[in-house]
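Q: okay, sequence plus prediction incoming.
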Amino acid sequence: MQENQVTTQSSLVSNKIIEYHSFIAPTGYTQAAIDNLKAISSVGYDISLRCVHGRMVVTGFNQIEKRWLEKLYNNKSDKNAIKMIHAIPPRWKGISFNDYNISLFVFENKKIPKEWVPDLNRCSCVIVPSEFNKISCLEAGVKNVFKVPHAINFDIWNLDLPSCSPVHSNEDVKIITVGTWRQRKNWENMFESVYELVKENTNVFWTLKVDKGSQASQDLRSWFAKYQVPEKYHSNFIIDSRVLDESSMARLIRSHSILLSASLGEGFGLPALQASCLGLCVACPKYGGYEEFFHESSHIEIEQSGVERIKRLDNLPQFADLEWPVYKKESICNALYLCISKCRNKEINKNVNYARFYDNFNYHAIGNKFHNIIKNIHDISSNKS
């Protein structure tokens, strides 16, 4: 009854087009945008898609999604459209504001750049995917901040999905990490940790699902030398830099038993949620965006060992001279040992975990959260004054 009521309410503003500005490329950032688009569409809104970097890059999308994105891209907007801008303020150039503008904002650190605050306050409101981001925005002086978590496509991320490879031996421990090849993802500390496990058990394998395969291979070779890794262990580390559509990515993750994510910061941490929906045990921090879905029955905490101020990170000005959590080899190893134990002893209640995630992160549940903000956009006091 409630779902029907919301859909009926949305029809009151169905003549309003959502003009959605975002990156459209084969990245995790775009995946979050696509899930937002599907969630918003599920409650009755029309969408006109705009790409903040010019033309869309549709490599890595299947034919159905390519056509769907092209349709949204070709949809006409109008002067009364509500604009949703899913990009950081430095990428807003060329976007003209109208009466109602919503920023969809995500950031990996607890301290957002102060020079972004005036731009964010030009918007009617700011929507963030986590309580971590909401607190950071409010502390920085951003007004009218609302939380709407990322959504999940449960037609793909579910327990019935087959893996992309034969079921591995019960003795094999297959770990996967998914992320961009950036320093803030903490790749070297994860490498050192997994190597500790490999030295004890040669049946431990780690897949590094990355975007920059050449750079990752080069760094991996340097770590083999730095940590004096015997050649017989090199094959335990597998770099996969293929561009995959969402279904293929899900099947790849499904062929592993553990997902490892020890990023220094996440505004949400989508792969750590997606993997849980597939039934994997997940090792990740209980901090930042991860807290939106972290649950003791499906996730193992990588404990923080303190904080570190880093002068320069990933050559990005917004990350300059900020404090970041520290996740050392010992805490990562401890979390992985617990994951291995849970997997071998079948201590993960996959069905209960899946039901909980479905209830909280399906398209309609998230779409309703967006709708409850959009339908009141006229009454939300503008921050332009």
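A: Great, that's in hand. Numbering: from 1, shown residues only.
Q: what is the burial count for Lys71?
A: Residues lying near Lys71 (other Cβ atoms under 10 Å) number 11. Just so you know, the C-beta spots here come from the backbone N, C-alpha and C atoms, and that holds for glycine as well.
Q: try Asp314
A: Residues within reach of Asp314, counting by other Cβ under 10 Å, total 14.
Q: please shift the residue numbers so they start at 31 in all later answers.
A: Fine by me, first position is 31 from now on; the one you just mentioned is Asp344.
Q: report pLDDT for it.
A: According to the prediction, Asp344 has pLDDT 97.
Q: quick one, phi/psi of it?
A: Summarising the backbone geometry of Asp344 under the convention degrees, to the nearest 10, its torsions are phi 60, psi 20.
Q: equivalent analysis for Gly318, please.
A: Note on Gly318: backbone dihedrals following degrees, to the nearest 10 are phi 60, psi -140.
Q: my guess is it contacts Ile165. True?
A: No. The pair Gly318 / Ile165 is not scored as a contact, 10.5 Å apart, by Cβ atoms under 8 Å.
Q: mutual contacts of those two, please.
A: Residues touching both Gly318 and Ile165 comprise Lys140, with contact defined as Cβ atoms under 8 Å, 6 or more residues apart in numbering.
Q: compare those two (neighbour count), which wins?
A: Applying other Cβ under 10 Å to Gly318 and Ile165 shows that Gly318 carries more neighbours, namely 26 against 14.
Q: now that one: closest residue in space that isn't a chain neighbour?
A: With sequence-adjacent residues excluded and distances taken as Cβ to Cβ, 6 or more residues apart in numbering, Gly318 is closest to Phe162, at 4.7 Å.
Q: now Tyr320
A: With Cβ to Cβ, 6+ apart as the criterion, Tyr320 has its nearest non-adjacent residue at 4.7 Å, and that residue is Gly299.
Q: identify the residues contacting that neighbour.
A: Shown in contact with Gly299 (Cβ under 8 Å, 6+ apart): Ser291, Ser293, Cys314, Gly318, Gly319, Tyr320, Glu322, Phe323.
Q: likewise for Pro56?
A: Remark: with contacts taken as Cβ under 8 Å, 6+ apart, Pro56 is in contact with Val87, Thr89, Gly90, Phe91, Val273.
Q: mind doing that once more with 7 Å?
A: Taking Cβ atoms under 7 Å, 6 or more residues apart in numbering as the contact definition, Pro56 lies against Val87, Thr89, Gly90, Val273.
Q: of those, which belong to helices?
A: Secondary structure of these is defined by DSSP state H; no position falls in helices.
Q: that older thread, can you tell me how far the residue nearest to Gly318 is from Ala385?
A: Remark: distance between Phe162 and Ala385 (Cβ to Cβ, to the nearest Å) = 25 Å.
Q: do the same with Asn174
A: Using Cβ to Cβ, one obtains 33 Å as the distance from Asn174 to Ala385.
Q: over to Ile54?
A: Counting by Cβ to Cβ, the gap from Ile54 to Ala385 is 32 Å.
Q: more neighbours: which of these two?
A: Set side by side, Ile54 and Ala385 show more neighbours around Ile54, with 23 against 11, by other Cβ under 10 Å.
Q: on that earlier part again, can you select the buried ones among the contacts of Pro56 for me in ChimeraX?
A: Here is the ChimeraX selection string for the buried members of the contacts of Pro56, based on 16 or more other Cβ atoms under 10 Å:
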select :87,90
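Q: of the contacts of Pro56, closest to Lys113?
A: Val87 (21.9 Å; Cβ to Cβ).
Q: what about the closest residue to the closest one other than its chain neighbours, how many residues nearby?
A: The shortest distance from Val87 to any residue that is not its chain neighbour, by Cβ to Cβ, 6+ apart, is 4.1 Å, and that residue is Ala55. Neighbour count for Ala55, taken as other Cβ under 10 Å: 17.
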